[in-house]
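Enquirer: I need the structure of the sequence given here:
(2 chains)
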Amino acid sequence: MSSDTELGYGHFRTLRRGRAAFVAADATYCHCVHRARLAYTGVSAARAPAMTPTTPTDQDTDQPAPGSAVEATPGAPAATVPTTDAAPPSGLMERRVEFRGNAREYFNIWIVNVALTVLSLGMYSAWAKVRTRRYLYGSIWIAGAPLDYQARPLPILMGRAIGFVLFSAYVFGGRVFPGFELIALALIALLAPWLIVRGLRFRARYSAWRGLNFGYDGGVGQAYAVFLLNYLFMLPSLGLAYPYIKAKQRQYVIAHHRFGSQRFGFEGKPGDFYPIYLAAWALAFVGYFAAASLAAAIFRSNAYAGIWATIVMGYFLYFGAFVYIAAKIANLTFNKMQVGAMRFRSSVRTRDLLWLYIGNTVMIVVTLGLAVPWAVIRMARYRATQLVALVPADLSGFVADSAIAEGAIGAEVADSFDVGVGL
Amino acid sequence: MSTIEGWFYDGRQAEGIAVRVTMRNNALCVEGEGVTRVWAISQVEPNTRVANTRRVLRLPHGQQVHTDDNEAIDLWFPARAPLERLVARLEHHPAMVAASVLLILATLIGGFWWGVPWLANKLARAMPPKVERTLGEQTLSSLDRWGFERSELNARRIDRLNERFAELVQGLEGAEHYRLEFRRADMPNAFALPGGIVVVTDELADMLTNDQLTAVMAHELGHHVHRHVLRQVLQGSAVAVAVSLMTGDAASASGAVTAIPILLLESGYSRDFEREADAYAIAHLPEVGLAPRHFADALRALREHVESTGVDDDEGWSDYLSTHPATEERIRAAEQAAAPATTAPLPTPE
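Expert: Numbering: from 1, shown residues only, chains lettered A, B, ... in the order given. The predicted structure is shown next:
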C-alpha cells in the first residue's frame, strides 16, 4: 500500500516538471511520463485494497461492519444486504475498508529501518522497503482480512543497485554534459513501458489476500502502445487526447490484473475521463487569468511583485487542479472497477486531499523529513476510510492461479526513475 | 502446549476457515470445521514479524494459516530468521528508536556538511587532468554558442592582462594549460572553467583597473587550484541522489520537498568555495607584487554596480541563500589580510 501513499507526494514532482506542459499541450513524452505519476497512486491504491473480500466465518470484531455477523446463505441474499442510501447489488455486503496502522508504530519501524540502511551504507534498503511495505499492506483490512506483501528483499536489492547506478549516471551526466539529460530521458521514455509492465507484474505477484496472490498479465507490446505510441496523438489534437490516453492506460493496467484466476474488470470509458480533465483545465485557466488580473490590480506600481504574485497563485492553482484530478480519478477508478462479483465505492474529496497534501508537506519540511511516516499513515488512513468494498457473501468464487516468480529489477528501476504507472 | 486461534486457507480459494492451532511434539495441528491437519514443524514456514500485523504460516501446496497471535508464533519458531527478529525487536525498543533518530539527524548533518564535500574533493582530485580540460573546453564552446561574443578589448590591454595572468600561474602544477579568455557578455563577470580556463567579460574589464582585474583572476585561479568546479558538480549530484533516495525510499518525496534542501545545501557549498578562493587570492597576490586591498577594491566596485542596477541585495538573511558570502564580509576579510603587514594584528571579527 505504500504505493498508494506515494501518490500523496508524487504530485509535487509532477508539478515541478510538468508545470510548463500543463497549460500547453503537454506534447513531450518526458512530461507525460512524469505527469503519469499523478495517476499512479490511483492505480496502486486500486490494486491493493481491491483484494479484500470478507468471509462470513470471519470473527474479527474490531469493526461493526455491516454484514460481518450475517451468515452467508446463498438462499437468502436479501438478508446480507445492509440498508444504505445506495443499496448494493443483491448478494453483496457492504464492508468499509479499514486502515489499522498507526503513526507511532510505523514511525518506529521506519526510523529503525532507515537507520539500519544508513549503517549498512544502503545495502539494507531493500529489507527496509519490504518491512515498511509489509506494515502498510498488513494494515489495510478489506472485509475482515489484511493484505499481505510477500516480496523477498534480495531481488529488490539487485533492482535497486541497477536503479541507483542509472540514476547517478543520469544526475551526474546531466550536470557535466549539457544535453545529456535529454538523451537519457528519451532512453527512459523508450524503456518506460517495459519497466512499467515489470513493476506491475512484480508488485501484483507478491501481493496477496486470503492466501491467494494477485497477478498481472498485460503484454509488453500493448504497454508500448498505451504508454508511448498513444502520445503521438498529443500534438495533432493540441493536447485534447490526454484524457483519452489516460483512460486507455488505466483500462490497460486494471483489466490485466488478476486476483487468483479472477480477472479485474474496468468499465471506465474515455467519456468518463473527459469531464474531469476539462473541468480541471477550465478551473486552472480561468483561475490563472483571474489571479493575473488581481495581481495586476493590487501591485499596479510594482511589476516585479505582480509577476511573483501571479506565479505563486498560478502554482497553487496548478496544485489545486492536480489534486482535483487525483481525487476524481481515484473515485472513478474504484467505482468502475470489479473483481469478479466484488465492487468498490470510493468517495475521496478534493478538499480533504488538498488539506492532507498541504499539511503533510509542511510537516515534512519542518521536521527535516521525520514526519514522513506520519504523513504516509495519514494519507493511507484517509483513502481507506473513503473506500467501501461491496463483497460477495460467498468468496469461494475466488480461486487460485498457478504462480510464477517475477524478477524485481523492472519494479526497482522504475522506482528510481520515478516512472509511475500512468493511469 | 498452547492453542491459538487463526484462519486456514487452502491456497486454492479465498474462503477461510476459522481454526484452532496447536503446536504439539514438533507438529503443527490445525482443527476447524471440516479441517483437521497436521504438519511437521519443518514443513511450516512462518513469515517474519512486523509490529502486530497478521502473521502468515506457509504450508506445503500453497496452504496457509493466518493468525494474529504473534507471541505464540515467536515462541514456536524461535530459531527462524534471527536477523529479522532482531530488527523487529529493535523496532519495538524506545531507546533504539531514539538512537535511530539521533543517528539519522547526525548522518544528515554530518554527511552534508563534511561527508559530501570530503568525498567530492577526493574524487575531483582523482579525476585525470585531461578529462577536466575536455570538460572545460566543451563548456566554453557551448557558452560561445549560447550568447558569448568576441571580446572588443584592445589588444594591448589583453596582452598586459595575459602577462599578469602568466605571473600568477607561474609555478602552479600544469601551468602550461592555464589560459585567460575574454568575451563580451551582458554583465560584468569572471569565472573559472574546469582544466584551467579563466573567462573575463569585457564588461568587467571596463569596470576595473588592471590591478583589480589581476586580483579577480587570482580569485578565479583559487577556484582552479581547489578544483571547485568539479567538486561543485560532484557535490550537487551527490546531494540530488541522496535527497531523492531518502525521500523516495520513504515513498513520499516530492519536488517541492526535495528542491528546498538541495538548493540550500548547494548554495551553502558554493559559499565555502568563494571563501576558499578569496583566501587563495589574498595569500598569493603579494607574490606578484600586489596588495590584497586590490581585491577588496574590485569587490567594492562590483557591489556598487549591483546596487546601482538593483539586481541583487546584500541583506543579512540573504547571506544564507546567496551563492556569494555577503560582499561586505569578503571586503573586510581582504582588508584585514592586508592590514597585518603594516599595522598591529586586529582581532578577527568572527
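Enquirer: Do a quick rundown of the helices in the chain.
Expert: Assuming you mean chain A. All helices of chain A, identified by DSSP state H, fall at A:2-23, A:29-47, A:77-80, A:103-119, A:125-138, A:153-176, A:180-205, A:220-227, A:242-255, A:270-298, A:303-335, A:350-366, A:372-385, A:409-417.
Enquirer: hmm, I had chain B in mind actually
Expert: B:70-76, B:82-92, B:94-110, B:116-126, B:129-145, B:155-169, B:202-207, B:210-225, B:228-249, B:255-284, B:293-309, B:327-342.
Enquirer: Give me whichever of those is most buried.
Expert: For the helices of chain B, the largest average neighbour count (mean count of other CB atoms under 10 Å in any protein chain shown) is found in helix B:210-225, namely a mean of 23. C-beta: built from backbone N, CA, C; applies to glycine.
Enquirer: got the angle for it vs helix B:129-145?
Expert: Computed by axes from the mean of the first three to the mean of the last three CA atoms, to 10 degrees, the angle separating helix B:210-225 from helix B:129-145 equals 130 degrees.
Enquirer: what about B:Gly62, neighbour count?
Expert: Look at B:Gly62: counted by other CB atoms under 10 Å in any protein chain shown, it has 16 neighbours.
Enquirer: any low-confidence regions in chain B?
Expert: Applying pLDDT under 70 to chain B flags residues B:1, B:243-265, B:309-326, B:338-350.
Enquirer: in it, which residue is closest to the centre?
Expert: B:Val239 (2.7 Å; CA atoms, centre = their mean).
Enquirer: about what we covered before: and the helices of chain B: which comes nearest A:Asp217?
Expert: helix B:228-249 (27.9 Å; CB to CB).
Enquirer: where does B:Ser151 fall, phi/psi-wise?
Expert: phi -70, psi 150 (degrees, to the nearest 10).
Enquirer: Nearest approach to A:Ser125 belongs to which of the helices of chain B?
Expert: helix B:228-249 (6.2 Å).
Enquirer: Could you tell me how many residues sit around A:Glu98?
Expert: Using other CB under 10 Å: A:Glu98 sits among 23 other residues.
Enquirer: Can you verify my assumption that it contacts A:Gly138?
Expert: No - A:Glu98 is beyond contact range of A:Gly138, at 11.8 Å (criterion: CB atoms under 8 Å).
Enquirer: Output the helices of chain B as JSON lines; include the columns distance to A:Gly340.
Expert: Formatted as JSON lines, those follow (distance: least, CB to CB, whole Å):
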{"stretch": "helix B:70-76", "distance to A:Gly340": "31"}
{"stretch": "helix B:82-92", "distance to A:Gly340": "35"}
{"stretch": "helix B:94-110", "distance to A:Gly340": "42"}
{"stretch": "helix B:116-126", "distance to A:Gly340": "52"}
{"stretch": "helix B:129-145", "distance to A:Gly340": "59"}
{"stretch": "helix B:155-169", "distance to A:Gly340": "77"}
{"stretch": "helix B:202-207", "distance to A:Gly340": "73"}
{"stretch": "helix B:210-225", "distance to A:Gly340": "67"}
{"stretch": "helix B:228-249", "distance to A:Gly340": "35"}
{"stretch": "helix B:255-284", "distance to A:Gly340": "39"}
{"stretch": "helix B:293-309", "distance to A:Gly340": "69"}
{"stretch": "helix B:327-342", "distance to A:Gly340": "70"}
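Enquirer: What separation do you get for B:Val101 and A:Tyr106?
Expert: 14 Å (CB to CB, to the nearest Å).
Enquirer: And A:Ala126, by the same measure?
Expert: 19 Å.
Enquirer: try A:Val362
Expert: A:Val362 sits 19 Å away from A:Tyr106, going by CB to CB.
Enquirer: Looking at those two, which has the bigger crowd around it?
Expert: A:Tyr106 (22 against 13).
Enquirer: Nearest residue to that one in space, please, no chain neighbours.
Expert: In this structure, A:Tyr106 finds its nearest non-sequential neighbour in A:Pro373, 4.6 Å apart by CB to CB, 6 or more residues apart in numbering or on different chains.
Enquirer: burial count for the one you found?
Expert: When neighbours are counted by other CB under 10 Å, A:Pro373 comes out with 28.
Enquirer: give the contact list for it.
Expert: A:103, A:106-107, A:109-111, B:250 (CB atoms under 8 Å, 6 or more residues apart in numbering or on different chains).
Enquirer: For A:Arg349, give its distance to chain B.
Expert: 21 Å (CB to the nearest CB, to the nearest Å).
Enquirer: Need the per-residue pLDDT for the residue nearest to that residue when sequence neighbours are not counted.
Expert: The shortest distance from A:Arg349 to any non-neighbouring residue, by CB to CB, 6+ apart, is to A:Ala327 (6.3 Å). Here the pLDDT value assigned to A:Ala327 is 94.
Enquirer: How about the contacts made by A:Ala327?
Expert: Applying CB under 8 Å, 6+ apart, the residues near A:Ala327 are A:348-350, A:353.
Enquirer: out of those, who's nearest B:Ile4?
Expert: Looking across the contacts of A:Ala327 and measuring by CB to CB, the closest to B:Ile4 is A:Val348, at 37.7 Å.
Enquirer: Same question for stretch A:248-263: list its buried residues.
Expert: Using 16 or more other CB atoms under 10 Å in any protein chain shown as the test for burial, stretch A:248-263 gives A:248-260, A:262-263.
Enquirer: And for stretch B:51-61?
Expert: B:51, B:53-59.
Enquirer: again, but for stretch A:312-332
Expert: A:313-314, A:317-332.
Enquirer: In PDB, list the C-alpha atoms belonging to that stretch.
Expert: Coordinates of each C-alpha in stretch A:312-332 appear next as PDB, following Å, rounded to 0.1, in the frame of the first residue of the first chain:
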ATOM      1  CA  VAL A 312       2.700  31.900  -6.800                       C
ATOM      2  CA  MET A 313      -1.000  31.900  -7.400                       C
ATOM      3  CA  GLY A 314      -0.500  30.000 -10.600                       C
ATOM      4  CA  TYR A 315       1.400  27.400  -8.700                       C
ATOM      5  CA  PHE A 316      -1.400  26.900  -6.200                       C
ATOM      6  CA  LEU A 317      -4.000  26.800  -9.000                       C
ATOM      7  CA  TYR A 318      -2.000  24.100 -10.700                       C
ATOM      8  CA  PHE A 319      -1.700  22.300  -7.500                       C
ATOM      9  CA  GLY A 320      -5.500  22.600  -6.900                       C
ATOM     10  CA  ALA A 321      -6.300  21.300 -10.300                       C
ATOM     11  CA  PHE A 322      -3.900  18.400  -9.800                       C
ATOM     12  CA  VAL A 323      -5.500  17.400  -6.600                       C
ATOM     13  CA  TYR A 324      -8.900  17.700  -8.100                       C
ATOM     14  CA  ILE A 325      -7.900  15.300 -10.900                       C
ATOM     15  CA  ALA A 326      -6.200  12.900  -8.400                       C
ATOM     16  CA  ALA A 327      -9.400  12.800  -6.300                       C
ATOM     17  CA  LYS A 328     -11.800  12.400  -9.100                       C
ATOM     18  CA  ILE A 329      -9.700   9.800 -11.000                       C
ATOM     19  CA  ALA A 330      -9.200   7.800  -7.800                       C
ATOM     20  CA  ASN A 331     -13.000   7.700  -7.300                       C
ATOM     21  CA  LEU A 332     -13.600   6.900 -11.000                       C
END
